[in-house]
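Participant: Here is a sequence together with a model predicted from it:
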Amino acid sequence: MSNRTRTIGIIMNGVTGRMGKNQHLLRSIVPIIENGGVQTSTGESVMPDPILVGRNPDKLAALAKESGVEKWSTDLDSLLADDAYEIYFDAQTTDRRVDAVTAAIKAGKHIYCEKPVASTTSEALALCKQATSMGIKHGVVQDKLWVPGMLKLKELIQSGFFGRIFAVRGEFGYWVFEGDRQPAQRPSWNYRKEDGGGVMMDMLCHWRYVLDNLFGKVKAINCLGATHIPKRWDENDKPYECTAEDAAYSTFELEGGIIAHFNSSWCVRVRRDDLLTIHVDGTQGSAVAGLRKCFMQSCDDTPRPVWNPDIESPLNYFDDWEEVPDRDYDNAFKVEWELFLKHVCNDEPFSWGLLEGAEGVQLAELGMTSWEKRAWIDVPELVVS
Ligand SMILES: NC(=O)c1ccc[n+]([C@@H]2O[C@H](COP(=O)([O-])OP(=O)(O)OC[C@H]3O[C@@H](n4cnc5c(N)ncnc54)[C@H](O)[C@@H]3O)[C@@H](O)[C@H]2O)c1
(Lines give C-alpha, C1' and ligand atoms only; values in the text may rest on other atoms or scores of the structure.)
Protein backbone atom coordinates (compact mmCIF):
# COMPACT_ATOMS: atom_id res chain seq x y z
CA MET A 1 0.00 0.00 0.00
CA SER A 2 1.30 3.48 -0.82
CA ASN A 3 0.99 6.68 1.18
CA ARG A 4 1.43 8.85 -1.86
CA THR A 5 -0.89 11.73 -2.67
CA ARG A 6 -1.81 12.45 -6.25
CA THR A 7 -3.17 15.91 -7.00
CA ILE A 8 -5.72 16.16 -9.77
CA GLY A 9 -6.67 19.46 -11.37
CA ILE A 10 -10.42 19.95 -11.90
CA ILE A 11 -11.96 22.72 -13.98
CA MET A 12 -15.33 23.42 -12.33
CA ASN A 13 -17.67 25.27 -14.69
CA GLY A 14 -21.12 26.49 -13.64
CA VAL A 15 -20.27 26.53 -9.93
CA THR A 16 -21.97 29.85 -9.26
CA GLY A 17 -25.28 28.05 -9.95
CA ARG A 18 -27.51 26.24 -7.49
CA MET A 19 -26.23 22.67 -8.05
CA GLY A 20 -22.64 23.56 -8.89
CA LYS A 21 -22.19 25.61 -5.76
CA ASN A 22 -24.17 23.73 -3.13
CA GLN A 23 -23.87 20.09 -4.09
CA HIS A 24 -20.67 19.86 -6.11
CA LEU A 25 -18.42 22.51 -4.61
CA LEU A 26 -19.50 23.05 -0.99
CA ARG A 27 -20.83 19.57 -0.19
CA SER A 28 -18.52 17.42 -2.34
CA ILE A 29 -15.16 18.85 -3.44
CA VAL A 30 -14.54 21.07 -0.39
CA PRO A 31 -15.24 18.26 2.13
CA ILE A 32 -13.13 15.83 0.05
CA ILE A 33 -10.22 18.30 0.30
CA GLU A 34 -10.87 18.83 4.02
CA ASN A 35 -10.82 15.03 4.52
CA GLY A 36 -7.36 14.81 2.95
CA GLY A 37 -8.56 13.53 -0.43
CA VAL A 38 -10.06 10.22 -1.51
CA GLN A 39 -8.22 6.99 -0.86
CA THR A 40 -7.97 4.54 -3.76
CA SER A 41 -7.64 0.76 -3.41
CA THR A 42 -3.84 1.08 -3.63
CA GLY A 43 -3.79 3.40 -0.60
CA GLU A 44 -2.94 6.44 -2.70
CA SER A 45 -4.81 9.65 -1.82
CA VAL A 46 -6.35 11.59 -4.64
CA MET A 47 -6.47 15.28 -3.78
CA PRO A 48 -8.68 17.55 -5.92
CA ASP A 49 -7.13 20.84 -7.06
CA PRO A 50 -10.18 22.75 -8.32
CA ILE A 51 -10.41 26.01 -10.22
CA LEU A 52 -13.77 27.78 -10.35
CA VAL A 53 -14.90 28.94 -13.79
CA GLY A 54 -17.67 31.29 -14.84
CA ARG A 55 -18.51 34.59 -16.48
CA ASN A 56 -18.77 36.94 -13.56
CA PRO A 57 -15.48 37.79 -11.73
CA ASP A 58 -17.29 39.28 -8.72
CA LYS A 59 -19.38 36.14 -8.18
CA LEU A 60 -16.35 33.90 -8.64
CA ALA A 61 -14.22 35.92 -6.20
CA ALA A 62 -17.02 35.81 -3.61
CA LEU A 63 -17.44 32.05 -4.10
CA ALA A 64 -13.68 31.53 -3.84
CA LYS A 65 -13.76 33.35 -0.52
CA GLU A 66 -16.79 31.46 0.76
CA SER A 67 -15.49 28.02 -0.26
CA GLY A 68 -11.81 28.48 0.53
CA VAL A 69 -10.97 27.33 -3.03
CA GLU A 70 -8.58 30.06 -4.05
CA LYS A 71 -8.29 29.67 -7.81
CA TRP A 72 -10.87 31.05 -10.22
CA SER A 73 -10.94 32.15 -13.84
CA THR A 74 -13.22 33.49 -16.56
CA ASP A 75 -11.02 32.05 -19.31
CA LEU A 76 -12.22 28.51 -19.98
CA ASP A 77 -10.29 28.14 -23.26
CA SER A 78 -6.91 28.72 -21.58
CA LEU A 79 -7.77 26.21 -18.88
CA LEU A 80 -8.77 23.59 -21.44
CA ALA A 81 -5.34 24.06 -23.01
CA ASP A 82 -3.61 23.72 -19.63
CA ASP A 83 -2.26 20.23 -18.82
CA ALA A 84 -2.44 20.99 -15.10
CA TYR A 85 -6.16 20.22 -15.31
CA GLU A 86 -7.16 16.65 -16.17
CA ILE A 87 -10.90 16.79 -15.40
CA TYR A 88 -13.55 19.10 -16.80
CA PHE A 89 -16.72 19.35 -14.70
CA ASP A 90 -19.88 21.00 -16.02
CA ALA A 91 -22.94 22.15 -14.06
CA GLN A 92 -23.99 24.94 -16.40
CA THR A 93 -27.55 25.24 -17.63
CA THR A 94 -28.41 22.20 -19.75
CA ASP A 95 -28.44 24.04 -23.09
CA ARG A 96 -24.74 24.94 -22.71
CA ARG A 97 -23.52 21.44 -21.86
CA VAL A 98 -22.92 19.91 -25.31
CA ASP A 99 -20.66 22.69 -26.62
CA ALA A 100 -18.62 22.91 -23.44
CA VAL A 101 -18.24 19.15 -22.98
CA THR A 102 -17.35 18.71 -26.67
CA ALA A 103 -14.57 21.29 -26.33
CA ALA A 104 -13.29 19.59 -23.17
CA ILE A 105 -13.29 16.15 -24.82
CA LYS A 106 -11.37 17.57 -27.78
CA ALA A 107 -8.86 18.98 -25.30
CA GLY A 108 -8.41 15.46 -23.91
CA LYS A 109 -9.94 16.14 -20.49
CA HIS A 110 -11.81 13.50 -18.53
CA ILE A 111 -15.45 14.55 -18.22
CA TYR A 112 -17.76 14.68 -15.24
CA CYS A 113 -21.03 16.52 -15.71
CA GLU A 114 -24.54 17.14 -14.50
CA LYS A 115 -27.57 15.57 -16.13
CA PRO A 116 -29.16 16.00 -18.65
CA VAL A 117 -25.96 15.58 -20.70
CA ALA A 118 -27.66 17.09 -23.76
CA SER A 119 -31.06 18.19 -25.01
CA THR A 120 -31.35 15.40 -27.59
CA THR A 121 -30.38 11.73 -27.65
CA SER A 122 -28.36 12.13 -30.83
CA GLU A 123 -26.25 14.90 -29.29
CA ALA A 124 -25.80 12.84 -26.12
CA LEU A 125 -24.70 9.79 -28.13
CA ALA A 126 -22.30 11.94 -30.14
CA LEU A 127 -20.62 13.05 -26.88
CA CYS A 128 -20.30 9.42 -25.89
CA LYS A 129 -18.77 8.52 -29.23
CA GLN A 130 -16.25 11.37 -29.09
CA ALA A 131 -15.28 10.45 -25.53
CA THR A 132 -14.78 6.82 -26.52
CA SER A 133 -12.65 7.73 -29.52
CA MET A 134 -10.47 10.03 -27.38
CA GLY A 135 -10.08 7.28 -24.76
CA ILE A 136 -11.01 9.63 -21.93
CA LYS A 137 -12.95 8.70 -18.81
CA HIS A 138 -16.42 10.08 -18.22
CA GLY A 139 -19.11 10.23 -15.60
CA VAL A 140 -22.59 11.72 -15.33
CA VAL A 141 -24.34 12.74 -12.10
CA GLN A 142 -26.83 10.05 -11.00
CA ASP A 143 -27.06 11.24 -7.42
CA LYS A 144 -30.38 9.62 -6.43
CA LEU A 145 -28.65 6.22 -6.44
CA TRP A 146 -26.75 7.23 -3.30
CA VAL A 147 -29.41 9.03 -1.25
CA PRO A 148 -30.10 7.06 1.96
CA GLY A 149 -33.71 6.18 1.02
CA MET A 150 -32.66 4.59 -2.28
CA LEU A 151 -29.75 2.74 -0.62
CA LYS A 152 -32.22 1.28 1.88
CA LEU A 153 -34.54 0.23 -0.95
CA LYS A 154 -31.61 -1.42 -2.70
CA GLU A 155 -30.77 -3.33 0.48
CA LEU A 156 -34.36 -4.59 0.73
CA ILE A 157 -34.34 -5.64 -2.92
CA GLN A 158 -31.04 -7.49 -2.54
CA SER A 159 -32.27 -9.27 0.61
CA GLY A 160 -35.25 -10.67 -1.33
CA PHE A 161 -37.70 -8.91 1.05
CA PHE A 162 -40.21 -8.06 -1.69
CA GLY A 163 -40.55 -11.51 -3.26
CA ARG A 164 -41.51 -10.72 -6.86
CA ILE A 165 -41.71 -6.97 -7.39
CA PHE A 166 -44.56 -6.01 -9.72
CA ALA A 167 -45.23 -2.29 -9.22
CA VAL A 168 -43.26 0.88 -8.45
CA ARG A 169 -44.96 4.23 -7.80
CA GLY A 170 -42.85 7.36 -7.72
CA GLU A 171 -44.27 10.64 -6.47
CA PHE A 172 -41.94 13.60 -6.95
CA GLY A 173 -42.62 17.25 -6.54
CA TYR A 174 -43.45 20.27 -4.47
CA TRP A 175 -44.92 23.70 -4.92
CA VAL A 176 -42.46 25.99 -6.70
CA PHE A 177 -43.65 29.51 -6.03
CA GLU A 178 -44.55 31.54 -9.08
CA GLY A 179 -42.21 34.33 -8.00
CA ASP A 180 -44.76 37.10 -7.35
CA ARG A 181 -45.90 36.35 -3.79
CA GLN A 182 -42.47 35.05 -2.85
CA PRO A 183 -39.32 34.22 -4.82
CA ALA A 184 -39.30 30.94 -6.78
CA GLN A 185 -37.08 28.16 -5.36
CA ARG A 186 -35.89 27.15 -8.84
CA PRO A 187 -34.27 29.15 -11.67
CA SER A 188 -36.67 30.66 -14.21
CA TRP A 189 -35.01 28.87 -17.18
CA ASN A 190 -36.58 25.65 -15.85
CA TYR A 191 -39.96 26.93 -17.09
CA ARG A 192 -38.81 28.05 -20.57
CA LYS A 193 -38.47 25.40 -23.29
CA GLU A 194 -36.26 27.70 -25.39
CA ASP A 195 -33.74 27.83 -22.52
CA GLY A 196 -33.62 24.05 -21.98
CA GLY A 197 -36.33 23.91 -19.30
CA GLY A 198 -39.15 21.44 -18.64
CA VAL A 199 -39.80 18.86 -15.94
CA MET A 200 -39.62 15.92 -18.36
CA MET A 201 -36.02 16.56 -19.36
CA ASP A 202 -35.21 17.37 -15.76
CA MET A 203 -36.79 14.39 -14.02
CA LEU A 204 -37.14 11.52 -16.52
CA CYS A 205 -33.31 11.44 -16.68
CA HIS A 206 -33.35 10.59 -12.98
CA TRP A 207 -36.14 8.01 -13.25
CA ARG A 208 -34.24 6.25 -16.03
CA TYR A 209 -31.20 5.43 -13.92
CA VAL A 210 -33.24 4.76 -10.76
CA LEU A 211 -35.45 2.26 -12.61
CA ASP A 212 -32.64 0.70 -14.66
CA ASN A 213 -30.35 0.25 -11.66
CA LEU A 214 -32.87 -0.83 -9.02
CA PHE A 215 -35.77 -2.54 -10.77
CA GLY A 216 -35.10 -3.42 -14.43
CA LYS A 217 -34.37 -1.78 -17.77
CA VAL A 218 -37.12 0.57 -19.00
CA LYS A 219 -38.73 -0.99 -22.09
CA ALA A 220 -41.61 1.38 -22.91
CA ILE A 221 -43.06 4.71 -21.83
CA ASN A 222 -46.40 6.45 -21.90
CA CYS A 223 -46.22 10.06 -20.79
CA LEU A 224 -48.49 13.09 -20.53
CA GLY A 225 -47.10 16.54 -19.84
CA ALA A 226 -48.86 19.72 -18.77
CA THR A 227 -48.07 23.36 -18.13
CA HIS A 228 -50.34 23.96 -15.17
CA ILE A 229 -48.97 27.42 -14.30
CA PRO A 230 -48.75 29.53 -17.46
CA LYS A 231 -47.12 32.65 -15.99
CA ARG A 232 -44.27 33.09 -13.50
CA TRP A 233 -41.94 35.87 -12.32
CA ASP A 234 -38.17 35.64 -12.92
CA GLU A 235 -35.09 36.48 -10.82
CA ASN A 236 -35.59 40.20 -11.65
CA ASP A 237 -39.30 40.13 -10.71
CA LYS A 238 -40.26 40.31 -14.39
CA PRO A 239 -43.29 38.27 -15.48
CA TYR A 240 -42.68 35.69 -18.22
CA GLU A 241 -44.69 33.09 -20.09
CA CYS A 242 -44.01 29.47 -19.15
CA THR A 243 -43.27 27.61 -22.37
CA ALA A 244 -42.13 24.34 -20.79
CA GLU A 245 -44.20 21.68 -19.03
CA ASP A 246 -44.20 21.86 -15.24
CA ALA A 247 -45.71 18.40 -14.67
CA ALA A 248 -45.28 14.96 -16.24
CA TYR A 249 -47.42 11.91 -15.59
CA SER A 250 -45.56 8.86 -16.89
CA THR A 251 -46.03 5.11 -16.91
CA PHE A 252 -43.18 2.73 -17.71
CA GLU A 253 -42.97 -0.96 -18.58
CA LEU A 254 -39.80 -2.54 -17.25
CA GLU A 255 -37.93 -5.67 -18.10
CA GLY A 256 -39.40 -8.53 -16.07
CA GLY A 257 -42.96 -7.19 -16.33
CA ILE A 258 -42.73 -4.56 -13.57
CA ILE A 259 -45.02 -1.55 -14.06
CA ALA A 260 -43.77 1.78 -12.80
CA HIS A 261 -45.67 5.04 -12.63
CA PHE A 262 -44.03 8.35 -11.73
CA ASN A 263 -45.70 11.70 -11.23
CA SER A 264 -43.23 14.60 -11.48
CA SER A 265 -44.56 18.04 -10.67
CA TRP A 266 -43.45 21.50 -9.67
CA CYS A 267 -47.04 22.39 -8.86
CA VAL A 268 -48.15 20.01 -6.15
CA ARG A 269 -48.53 20.74 -2.44
CA VAL A 270 -46.80 18.06 -0.39
CA ARG A 271 -48.74 15.72 1.90
CA ARG A 272 -46.51 12.64 1.90
CA ASP A 273 -43.33 11.50 3.65
CA ASP A 274 -40.89 13.42 1.44
CA LEU A 275 -40.41 15.43 -1.76
CA LEU A 276 -39.69 12.14 -3.51
CA THR A 277 -41.31 8.91 -2.40
CA ILE A 278 -40.99 5.58 -4.17
CA HIS A 279 -43.56 2.94 -3.22
CA VAL A 280 -42.63 -0.61 -4.18
CA ASP A 281 -45.08 -3.52 -4.09
CA GLY A 282 -44.00 -7.15 -4.18
CA THR A 283 -45.65 -10.48 -3.46
CA GLN A 284 -43.96 -10.78 -0.04
CA GLY A 285 -43.77 -7.17 1.07
CA SER A 286 -43.94 -3.48 0.22
CA ALA A 287 -41.79 -0.48 1.06
CA VAL A 288 -41.95 3.29 0.72
CA ALA A 289 -38.65 5.14 0.44
CA GLY A 290 -38.21 8.87 0.74
CA LEU A 291 -34.95 10.73 0.26
CA ARG A 292 -33.66 9.56 3.65
CA LYS A 293 -36.15 7.25 5.34
CA CYS A 294 -37.65 3.96 4.18
CA PHE A 295 -40.59 2.05 5.68
CA MET A 296 -41.41 -1.57 4.99
CA GLN A 297 -44.44 -3.81 5.51
CA SER A 298 -44.09 -7.56 5.18
CA CYS A 299 -46.89 -9.93 4.21
CA ASP A 300 -47.29 -10.93 7.89
CA ASP A 301 -47.68 -7.28 8.97
CA THR A 302 -50.18 -6.42 6.25
CA PRO A 303 -53.53 -5.27 7.77
CA ARG A 304 -56.85 -6.41 6.36
CA PRO A 305 -58.72 -3.32 5.16
CA VAL A 306 -62.46 -3.55 4.48
CA TRP A 307 -64.10 -0.88 2.31
CA ASN A 308 -66.70 1.13 4.27
CA PRO A 309 -66.88 4.90 3.74
CA ASP A 310 -69.79 5.17 6.19
CA ILE A 311 -67.57 4.86 9.26
CA GLU A 312 -64.23 6.30 10.35
CA SER A 313 -61.53 3.84 9.37
CA PRO A 314 -60.78 1.44 12.24
CA LEU A 315 -57.26 1.12 10.86
CA ASN A 316 -54.49 3.68 10.85
CA TYR A 317 -52.75 2.77 7.62
CA PHE A 318 -49.45 4.21 8.84
CA ASP A 319 -49.29 1.87 11.89
CA ASP A 320 -48.08 -1.38 10.38
CA TRP A 321 -44.88 -0.14 8.77
CA GLU A 322 -41.43 -0.72 10.19
CA GLU A 323 -38.62 1.75 9.57
CA VAL A 324 -35.53 0.38 7.82
CA PRO A 325 -32.61 1.12 10.17
CA ASP A 326 -30.14 3.90 9.40
CA ARG A 327 -26.48 3.42 8.63
CA ASP A 328 -23.82 6.07 8.07
CA TYR A 329 -24.62 7.94 4.89
CA ASP A 330 -22.59 10.58 3.10
CA ASN A 331 -23.80 13.24 0.68
CA ALA A 332 -24.93 11.43 -2.50
CA PHE A 333 -23.09 13.83 -4.85
CA LYS A 334 -19.87 13.46 -2.81
CA VAL A 335 -20.11 9.66 -2.94
CA GLU A 336 -20.32 9.73 -6.73
CA TRP A 337 -17.47 12.28 -7.00
CA GLU A 338 -15.28 9.98 -4.91
CA LEU A 339 -16.10 6.99 -7.11
CA PHE A 340 -15.34 9.04 -10.22
CA LEU A 341 -11.99 10.32 -8.88
CA LYS A 342 -10.98 6.73 -8.05
CA HIS A 343 -12.06 5.68 -11.54
CA VAL A 344 -9.92 8.37 -13.16
CA CYS A 345 -6.84 7.92 -10.99
CA ASN A 346 -6.89 4.19 -10.30
CA ASP A 347 -9.17 2.72 -12.97
CA GLU A 348 -11.71 1.58 -10.36
CA PRO A 349 -15.11 0.51 -11.73
CA PHE A 350 -17.60 3.26 -12.57
CA SER A 351 -20.69 2.49 -14.61
CA TRP A 352 -22.51 5.82 -14.81
CA GLY A 353 -20.96 7.43 -17.86
CA LEU A 354 -22.09 9.32 -20.95
CA LEU A 355 -23.97 6.30 -22.37
CA GLU A 356 -26.08 6.03 -19.21
CA GLY A 357 -26.46 9.83 -19.38
CA ALA A 358 -27.68 9.48 -22.97
CA GLU A 359 -30.21 6.86 -21.84
CA GLY A 360 -31.66 9.44 -19.46
CA VAL A 361 -32.01 11.98 -22.27
CA GLN A 362 -33.53 9.27 -24.47
CA LEU A 363 -36.27 8.52 -21.94
CA ALA A 364 -37.08 12.23 -21.60
CA GLU A 365 -37.18 12.65 -25.36
CA LEU A 366 -39.41 9.59 -25.81
CA GLY A 367 -41.63 10.95 -23.03
CA MET A 368 -42.16 14.06 -25.11
CA THR A 369 -42.83 11.98 -28.23
CA SER A 370 -45.39 9.92 -26.31
CA TRP A 371 -47.08 13.12 -25.12
CA GLU A 372 -47.20 14.56 -28.67
CA LYS A 373 -48.46 11.33 -30.23
CA ARG A 374 -50.67 10.34 -27.28
CA ALA A 375 -49.14 6.84 -27.58
CA TRP A 376 -47.01 4.15 -25.91
CA ILE A 377 -43.42 4.32 -27.18
CA ASP A 378 -40.86 1.48 -27.03
CA VAL A 379 -37.43 2.39 -25.68
CA PRO A 380 -34.77 0.94 -28.00
CA GLU A 381 -31.35 -0.01 -26.69
CA LEU A 382 -28.79 2.73 -27.36
CA VAL A 383 -25.59 1.77 -29.12
CA VAL A 384 -22.54 3.89 -29.75
CA SER A 385 -21.73 3.23 -33.40
N1 LIG B 1 -28.61 16.19 -10.18
C2 LIG B 1 -29.65 16.88 -9.81
O3 LIG B 1 -30.41 16.47 -8.93
C4 LIG B 1 -29.95 18.21 -10.42
C5 LIG B 1 -30.87 19.08 -9.81
C6 LIG B 1 -31.12 20.32 -10.39
C7 LIG B 1 -30.47 20.67 -11.57
N8 LIG B 1 -29.60 19.81 -12.16
C9 LIG B 1 -28.91 20.16 -13.41
O10 LIG B 1 -27.79 20.97 -13.10
C11 LIG B 1 -27.61 21.98 -14.11
C12 LIG B 1 -27.59 23.36 -13.43
O13 LIG B 1 -28.85 23.58 -12.81
P14 LIG B 1 -29.02 24.69 -11.66
O15 LIG B 1 -30.35 24.45 -11.08
O16 LIG B 1 -27.81 24.71 -10.80
O17 LIG B 1 -29.06 26.01 -12.57
P18 LIG B 1 -28.57 27.49 -12.21
O19 LIG B 1 -29.30 28.38 -13.15
O20 LIG B 1 -28.67 27.74 -10.76
O21 LIG B 1 -27.00 27.48 -12.57
C22 LIG B 1 -26.57 27.46 -13.91
C23 LIG B 1 -25.09 27.79 -14.03
O24 LIG B 1 -24.81 27.99 -15.43
C25 LIG B 1 -24.21 29.27 -15.63
N26 LIG B 1 -24.64 29.86 -16.89
C27 LIG B 1 -25.92 30.08 -17.29
N28 LIG B 1 -25.92 30.73 -18.50
C29 LIG B 1 -24.62 30.89 -18.84
C30 LIG B 1 -23.97 31.50 -19.95
N31 LIG B 1 -24.67 32.08 -20.93
N32 LIG B 1 -22.62 31.47 -19.98
C33 LIG B 1 -21.91 30.88 -19.00
N34 LIG B 1 -22.47 30.31 -17.91
C35 LIG B 1 -23.83 30.32 -17.83
C36 LIG B 1 -24.71 30.11 -14.46
O37 LIG B 1 -23.85 31.20 -14.24
C38 LIG B 1 -24.68 29.09 -13.33
O39 LIG B 1 -23.36 28.97 -12.82
C40 LIG B 1 -28.74 21.79 -15.10
O41 LIG B 1 -28.29 21.06 -16.20
C42 LIG B 1 -29.78 20.99 -14.33
O43 LIG B 1 -30.56 20.16 -15.17
C44 LIG B 1 -29.33 18.59 -11.60
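Facilitator: It's in. Numbering: from 1, shown residues only.
Participant: interface residues of the stretch 201-350 of the chain facing the ligand?
Facilitator: Neighbours of the ligand within the stretch 201-350 of the chain, by CB under 6 Å from any ligand atom: residue 202. (Each C-beta comes from the backbone N, C-alpha and C, glycine too.)
Participant: The residue of the stretch 201-350 of the chain at minimum distance from the ligand: what's it in contact with?
Facilitator: Distances between the stretch 201-350 of the chain and the ligand by CB to the nearest ligand atom are smallest at residue 202, namely 5.5 Å. Residue 202 makes contacts with 116, 190, 264, as judged by CB atoms under 8 Å, 6 or more residues apart in numbering.
Participant: Could you do residue 8 as well?
Facilitator: By CB under 8 Å, 6+ apart, the contact list for residue 8 reads 46-49, 86-87, 341, 344-345.
Participant: Could you count how many residues lie near residue 349?
Facilitator: Using other CB atoms under 10 Å, residue 349 is surrounded by 7 other residues.
Participant: residue ranges for the helices of the protein, please.
Facilitator: 18-19, 30-34, 57-67, 76-80, 97-106, 121-134, 148-159, 199-214, 332-346, 354-373 (DSSP state H).
Participant: got the angle between the last one and helix 97-106?
Facilitator: Okay, so that is helix 354-373. Interaxial angle of helix 354-373 relative to helix 97-106 (axes from the mean of the first three to the mean of the last three CA atoms, to 10 degrees): 160 degrees.
Participant: Check which helices and strands helix 354-373 sits against.
Facilitator: Judged by 3 or more CB pairs under 8 Å, 6 or more residues apart in numbering; DSSP states H and E, the packing partners of helix 354-373 are helix 121-134, strand 138-140, helix 199-214, strand 218-226, strand 247-254, strand 377-378.
Participant: Spatially nearest residue to the residue in the chain positioned nearest to the ligand, not counting backbone neighbours?
Facilitator: In the chain, the residue found nearest to the ligand is residue 17; the distance is 2.0 Å by CB to the nearest ligand atom. Nearest residue to residue 17 in three dimensions, chain neighbours excluded: residue 91, at 5.9 Å (CB to CB, 6 or more residues apart in numbering).
Participant: Check what pLDDT that neighbour gets.
Facilitator: pLDDT for residue 91: 98.
Participant: give me every residue that touches it.
Facilitator: Residues in contact with residue 91 (CB under 8 Å, 6+ apart) are 12-15, 17, 19-20, 24, 113-114.
Participant: pLDDT weak spots in the stretch 1-150 of the chain?
Facilitator: Scanning the stretch 1-150 of the chain for pLDDT under 70 picks out 1-2.
Participant: By neighbours, which of the contacts of residue 8 wins?
Facilitator: Busiest of those [other CB under 10 Å] is residue 341, holding 27 neighbours.
Participant: can you tell me which residues contact that one?
Facilitator: Residue 341 neighbours (CB under 8 Å, 6+ apart): 8, 32, 38, 46, 48.
Participant: Any idea what the fourth one is bridged to?
Facilitator: Just to be clear, that refers to residue 46. On the basis of DSSP bridges, residue 46 is bridged to residue 6, residue 38.
Participant: check contacts around it.
Facilitator: The neighbours of residue 46, taking CB under 8 Å, 6+ apart as the test, are 5-6, 8, 37-40, 341-342, 344-346.
Participant: Likewise for the third one?
Facilitator: With contact taken as CB under 8 Å, 6+ apart, residue 38 is in contact with 32, 45-46, 338, 341-342.
Participant: Please repeat the previous calculation with a cut-off of 10 Å.
Facilitator: Contacts for residue 38 (CB atoms under 10 Å, 6 or more residues apart in numbering) come out as 8, 32, 44-48, 334, 337-342, 345-346.
Participant: Check residue 39 too.
Facilitator: With contact taken as CB under 10 Å, 6+ apart, residue 39 is in contact with 1, 5, 45-46, 338, 342, 346.
Participant: For those residues, name the two members farthest from one another.
Facilitator: Greatest spacing in the contacts of residue 39, by CB to CB: 1 and 338 (18.0 Å).
Participant: Compare these two (neighbour count), which wins?
Facilitator: Using other CB under 10 Å as the criterion, residue 1 and residue 338 rank with residue 338 on top: 21 against 8.
Participant: Is residue 237 in contact with residue 179, as I believe?
Facilitator: Yes. Taking CB atoms under 10 Å as the definition, residue 237 is a contact partner of residue 179 at 7.3 Å.
Participant: between these two, which one's more packed in?
Facilitator: Using other CB under 10 Å, the more surrounded residue of residue 237 and residue 179 is residue 179, with 22 against 9.
Participant: Please look at the more buried one and residue 231 and confirm they touch.
Facilitator: Yes. Between residue 179 and residue 231 there is a contact at 9.4 Å, judged by CB under 10 Å.
Participant: Return every residue with contacts to both of the two.
Facilitator: Common contacts of residue 179 and residue 231 (CB under 10 Å, 6+ apart): 191, 239-240.
Participant: Narrow those residues to those that are buried.
Facilitator: Neighbour-count burial (16 or more other CB atoms under 10 Å) applied to the shared contacts of residue 179 and residue 231 gives residue 191.
Participant: bridging residues for the closest residue to residue 375 other than its chain neighbours?
Facilitator: Leaving out its chain neighbours, the residue that sits closest to residue 375 by CB to CB, 6+ apart is residue 222, at 7.4 Å. Taking DSSP bridges as the rule, residue 222 bridges to residue 251.
Participant: Report the contact partners of residue 222.
Facilitator: By CB under 10 Å, 6+ apart, the contact set of residue 222 is 249-253, 261, 366-367, 370-371, 374-377.
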